[in-house]
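S.K.: build me a structure from this.
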Amino acid sequence: MSFLLFSVRNAFRKKAVATLAILGVACGCALMTFLFSVTDGMEKRVERTLNEFSGRVLVVGRDAIFGGVFLGMGTSPLPVAYADAVRRIPHVKEVAGQVSALLRPEGINFNMPLFGYGGAGNPVPAWSPPGRIIAGTAPVDDDEIIIGKSLQEYMAFFNVNYAVGGVYRFLVPESSAQPARMLDLRVVGVYQTGNEVLDGAFSGTERLAREIAHIPAGKFSALNVQVDHLENIEAVAQTITRELAGKNPEVQVAVPRELLIPFQNVLRVLTNFVMLISTTAVTAGSLLIMVVMLLSVIERRREFGILKALGWTPTNIVMMILTESVSLSLLGASLGIGLGLTGLAAAQRFLEVEVGSVGWPVAFAVGAHGVLAGALGGLYPAWRANRVVPAQILRGT
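M.R.: Next comes the predicted model:
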């Protein structure tokens, strides 16, 4: 029998003790897999949004919330003359007027954004919702809308399910122009752009958005400016600021990618916090393996003494203990990864929201942490086993 096979079989000689050690590592690795998958999914969503905003500059009213990242929601409309002025600026590739409004779906206690596209003389950008349909069709009539994939998932969490082809009732909030009223709209499609701002909203025709927000023809909630190259974004933003300075209504020029960097920093802090929790859990599993292996070493002192008397070297003893602990931790890590992925799939199925991202990098990182924890947990027991003196053991036999 080979040395490796002997060591591995030795690790499972006492089934109850081995099971305890495996479960200790498995619990830590399961928690780590679940948390890392969730944070990895969040990071990918933020990164996709940042990429979708790359090369773009937003021009919105001075009173726009969150620096205008929500496409001029609830701000003073801008005249089309602003768009004409921006088009003449060097390195500006495309200028599209954005019409934004607010709707409150029946059964929901808060308003949600509605973006309008496709008006006469206003180009429909390739990155806009109508160009990213994943189910159904793009809206054509003024009583048709499409729903973002993220918003569809969030609403399902509140047991409000919007299916393609269904007609649903919305509350148009009260304004200075008219009182609150109900509106029936048909959902004709689902879209996904990868931009969480756009995917967390409804989209429809520009006429529908203008009617709801009371924005007259020739004005827009925001101007979406596409720059020809990333290197020119800052220069274009500064030029737009100078060109529109002193005009009424006043504007603010925003680079959405920069506005989202604080969210990325918050997510980085959250990732570090998850790392701390997960490392603590795996460390607990490592300590459990150390305790189990240490008790095993104390019980097997006679065995080690006899093995040394038969010619086993100190290196052989140390390697045997380390092989046993790594074997237990490897099995525990594999079980933990499986449990973590199962828990993630169950959470996504129950919540009907994509709460995480499953990938080989996460599984590999968790597995490596689990095996490393097992190896570290076996170091002290291996050192204790190596200190066994055969003569003392044999005299006491």
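S.K.: is residue 187 bridged to anything, and to what?
M.R.: Counting by DSSP bridges, residue 187 is bridged to residue 145.
S.K.: could you measure from it over to residue 325?
M.R.: Taking CB to CB, to the nearest Å as the measure, residue 187 and residue 325 are separated by 57 Å. To be clear about C-beta, it is placed using only N, CA and C from the backbone, and glycine gets the same treatment.
S.K.: among these two, which residue is more densely surrounded?
M.R.: Neighbours were counted for residue 187 and for residue 325 using other CB atoms under 10 Å; residue 325 has more, 30 against 21.
S.K.: was I right to think that one contacts residue 373?
M.R.: No - Residue 325 lies out of contact with residue 373 (CB atoms under 8 Å); the separation is 9.4 Å.
S.K.: distance from the chain centre to the one helix or strand residue 18 maps to, please.
M.R.: Secondary-structure element containing residue 18, defined by DSSP states H and E: helix 15-53. Mean C-alpha position of helix 15-53 versus that of the full chain (CA atoms, centre = their mean, to the nearest Å) differs by 12 Å.
S.K.: now for that helix, which elements pack on it?
M.R.: When contacts are defined as 3 or more CB pairs under 8 Å, 6 or more residues apart in numbering; DSSP states H and E, helix 15-53 sits against helix 196-199, helix 256-299, helix 314-351, helix 360-377.
S.K.: if I look at residue 383, how far off is residue 221?
M.R.: Noted for residue 383: a distance of 69 Å to residue 221, by CB to CB.
S.K.: and these two? Which one has more around it.
M.R.: Per other CB under 10 Å, whichever of residue 383 and residue 221 has more neighbours is residue 221, with 28 against 14.
S.K.: how far away is the most centrally placed residue in the chain from residue 269?
M.R.: Against the mean C-alpha coordinate of the chain, by CA atoms, centre = their mean, the closest residue is residue 42 at 1.2 Å. Taking CB to CB as the measure, residue 42 and residue 269 are separated by 12 Å.
S.K.: and for residue 214?
M.R.: Following CB to CB, the distance that separates residue 214 from residue 269 is 41 Å.
S.K.: for burial, what's the neighbour tally of residue 310?
M.R.: Using other CB under 10 Å, residue 310 has 8 other residues around it.
S.K.: quick one on the thing from earlier: lowest mean pLDDT across the helices and strands packed on helix 15-53, which one is that?
M.R.: Sorting the helices and strands packed on helix 15-53 by mean pLDDT places helix 256-299 lowest, at a mean of 66.
S.K.: show me the beta-bridge partners of residue 222.
M.R.: Partner residues in beta bridges with residue 222: residue 60, residue 98, with DSSP bridges as the criterion.
S.K.: do I have it right that it meets residue 100?
M.R.: Yes - applying CB under 8 Å as the test, residue 222 and residue 100 come out as touching, 6.9 Å apart.
S.K.: quick check: residue 8 is in a helix.
M.R.: Yes - note on residue 8: a helix contains this position according to DSSP: H, G, I helix; E, B strand; the rest coil.
S.K.: from residue 377, how far out is the closest residue in space to it that isn't next to it in sequence?
M.R.: Excluding its sequence neighbours, the residue lying closest to residue 8 (CB to CB, 6 or more residues apart in numbering) is residue 327, at 5.0 Å. In this structure, residue 327 and residue 377 are separated by 12 Å, where distance is defined by CB to CB.
S.K.: with residue 339 instead?
M.R.: In this structure, residue 339 and residue 377 are separated by 20 Å, where distance is defined by CB to CB.
S.K.: more neighbours, these two?
M.R.: Comparing residue 339 with residue 377 by other CB under 10 Å, the one with more neighbours is residue 377, at 28 against 17.
S.K.: ok, now which ones touch residue 202?
M.R.: 103, 112, 113, 114, 115, 145, 146, 147, 148, 151 (CB atoms under 8 Å, 6 or more residues apart in numbering).
S.K.: got it, and residue 244?
M.R.: 59, 82, 85, 86, 251, 253.
S.K.: please name the nearest non-neighbouring residue to residue 379.
M.R.: Spatial nearest neighbour of residue 379, excluding adjacent residues (CB to CB, 6+ apart): residue 322 at 7.4 Å.
S.K.: again with residue 247
M.R.: For residue 247, ignoring the flanking residues on the chain, the nearest one in space by CB to CB, 6+ apart is residue 82 at 7.3 Å.
S.K.: now swap in residue 252 and tell me
M.R.: By the measure of CB to CB, 6+ apart, the closest residue to residue 252 outside its immediate chain neighbours is residue 62, 5.4 Å from it.
S.K.: just give me the neighbour total for that neighbour.
M.R.: When neighbours are counted by other CB under 10 Å, residue 62 comes out with 11.
S.K.: that one against residue 247, yeah?
M.R.: No - under the contact definition of CB under 8 Å, residue 62 does not touch residue 247, with a separation of 10.6 Å.
S.K.: anything in contact with each of the two?
M.R.: Contacts common to residue 62 and residue 247, judged by CB under 8 Å, 6+ apart, are absent.
S.K.: send me the helix or strand where residue 212 lies as CSV with only the CA atoms.
M.R.: Per DSSP H and E, residue 212 falls inside helix 206-213. The C-alpha atoms that make up helix 206-213 are tabulated as CSV, following Å, rounded to 0.1, in the frame of the first residue of the first chain:
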residue,chain,number,x,y,z
GLU,A,206,-41.7,59.4,-26.3
ARG,A,207,-45.3,60.7,-26.7
LEU,A,208,-46.4,58.6,-23.7
ALA,A,209,-43.6,59.9,-21.5
ARG,A,210,-44.3,63.5,-22.6
GLU,A,211,-48.0,63.2,-21.8
ILE,A,212,-47.3,61.8,-18.3
ALA,A,213,-44.6,64.2,-17.4
